[in-house]
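Trainee: quick one: sequence and predicted model below, then my questions.
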Amino acid sequence: MAKLELKDVRKSYGPVEVIKGIDLTIEDGEFCVFVGPSGCGKSTLLRMIAGLEDITVGTFEIDGDRMNDIAPAKRGIAMVFQSYALYPHLTVRENIAFGLKVRKTPKAEIDSLVNEAVTMLQLDKLTERFPRELSGGQRQRVAIGRAIVGQPETFLFDEPLSNLDAELRVHMRTQISELHTRLRRTMIYVTHDQVEAMTLADKIVLLRGGQIEQIGSPRDLYERPKNLFAAQFIGAPKMNIFELEGDFVSLRDQMQLPADAQYCGIRPDSFDIVPEGNGIMSATVRLVEYLGNTCLVHAQIGSHAPIIVEQPVGSKLIVGDQVALKTMPNALHLFTKDGCRIN
């Protein structure tokens, strides 16, 4: 069991408060992802859970037991860092077994745990290699294996894939997801990559400026962003935002929008390009990006910054084309002047 609770948790460095009152419950067996821009406090929060940073104010509990003053080694937590931190003079097997040997675990138990881990992580043919003989993805799997053999109740991942190339990131994402399915342990994963957050998480915690902006499933954050920040951070390409004045004041009447709606958000894949006169707005094509399975059309509407419209690959648009854009009312995300969601 590993249910984690943070109650009004704050962290200050002198007069500077970087974590500003976090209330959060992570259920046993849940895969929770902390996501947000650089400097939002996600890694600091993870290190407080691990016990590597002191909590200035508030309480951190595991299964109802207060952990504020408990040493990291006694919290039942294992951490996988962005840096692999492998011992270069030890083989794969020796690196994975190192922590068990330090704890004076019986040799038979070490062998059993290491064998299980290397099989699970597909490292069984690499056990006698040294870190310098491994690829980045293999080194990260060794680091994960070292965490697994300690049989922790909770795993913490601090941007573990950021040093890998794109193809390896996708492969390792799959392996980490499969690992969670097998172990059913509580996992907390820190990333600034919202694609990783969307594909891995049971629960996403979106952070900004040391505070929680929204908590929910990937579908919750994508389909019902709580505010403008969440709307534009989650989703790639990001949501198009229109202020309902100037070039877009007519949208209010055309779409029968409520009076308190100040901003309207439309995702790129919610637009259709239709014949002139049938759309809700007209635009000029500025750039067309071919991505293989889709095209991203960058279009200019008046003086507004270019918007992005996602289209099928069969689209024949070229730079300079005039297009009409249409969307359905249920595709609109409406926000007040303060950026809070309306519908």
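Mentor: All right, it came through fine.

Trainee: mind listing the residues bridging to the residue lying closest to residue 333 once chain neighbours are set aside?
Mentor: Leaving out its chain neighbours, the residue that sits closest to residue 333 by CB to CB, 6 or more residues apart in numbering is residue 265, at 3.7 Å. All C-beta atoms are positioned from the backbone trio N, CA, C, and that covers glycine. Using DSSP bridges, the bridge partners assigned to residue 265 are residue 241, residue 333.

Trainee: residue contacts, residue 265?
Mentor: Neighbouring residues of residue 265 by CB atoms under 8 Å, 6 or more residues apart in numbering: 225, 228, 231, 232, 239, 240, 241, 242, 332, 333, 334, 335.

Trainee: how about residue 243?
Mentor: With the criterion set at CB under 8 Å, 6+ apart, residue 243 makes contact with 262, 263.

Trainee: could I get the pLDDT score of it?
Mentor: Looking at residue 243, its pLDDT stands at 90.

Trainee: ramachandran angles for residue 163?
Mentor: Per-residue torsions, residue 163: phi -90, psi 0 (degrees, to the nearest 10).

Trainee: and it, how many neighbours?
Mentor: 15 (other CB atoms under 10 Å).

Trainee: how about it, nearest residue that isn't a chain neighbour?
Mentor: residue 136 (6.0 Å).

Trainee: same question, residue 46
Mentor: Counting by CB to CB, 6+ apart, the residue nearest residue 46 is residue 190, at 5.0 Å.

Trainee: could you single out the nearest of the contacts of residue 265 to residue 64?
Mentor: The closest of the contacts of residue 265 to residue 64 turns out to be residue 225 (CB to CB; 32.9 Å).

Trainee: mind checking the SS state of the closest one?
Mentor: coil (DSSP: H, G, I helix; E, B strand; the rest coil).

Trainee: returning to that earlier point: are we agreed that the residue nearest to residue 46 is in a strand?
Mentor: Yes: under three-state DSSP, residue 190 sits within a strand.

Trainee: from residue 11, how far out is it?
Mentor: 15 Å (CB to CB, to the nearest Å).

Trainee: more crowded one of the two?
Mentor: residue 190 (26 against 22).

Trainee: check contacts around the residue nearest the centre of the chain.
Mentor: In the chain, the residue lying closest to the centroid (CA atoms, centre = their mean) is residue 197, at 2.6 Å. Residue 197 makes contact with 33, 35, 189, 191, 204, 218, 234, according to CB under 8 Å, 6+ apart.

Trainee: can you list the contacts of residue 265 in JSON lines and add neighbour count?
Mentor: Output for these, formatted as JSON lines (neighbours: other CB atoms under 10 Å):
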{"residue": "225", "neighbour count": "24"}
{"residue": "228", "neighbour count": "21"}
{"residue": "231", "neighbour count": "25"}
{"residue": "232", "neighbour count": "14"}
{"residue": "239", "neighbour count": "21"}
{"residue": "240", "neighbour count": "25"}
{"residue": "241", "neighbour count": "18"}
{"residue": "242", "neighbour count": "19"}
{"residue": "332", "neighbour count": "19"}
{"residue": "333", "neighbour count": "23"}
{"residue": "334", "neighbour count": "18"}
{"residue": "335", "neighbour count": "24"}
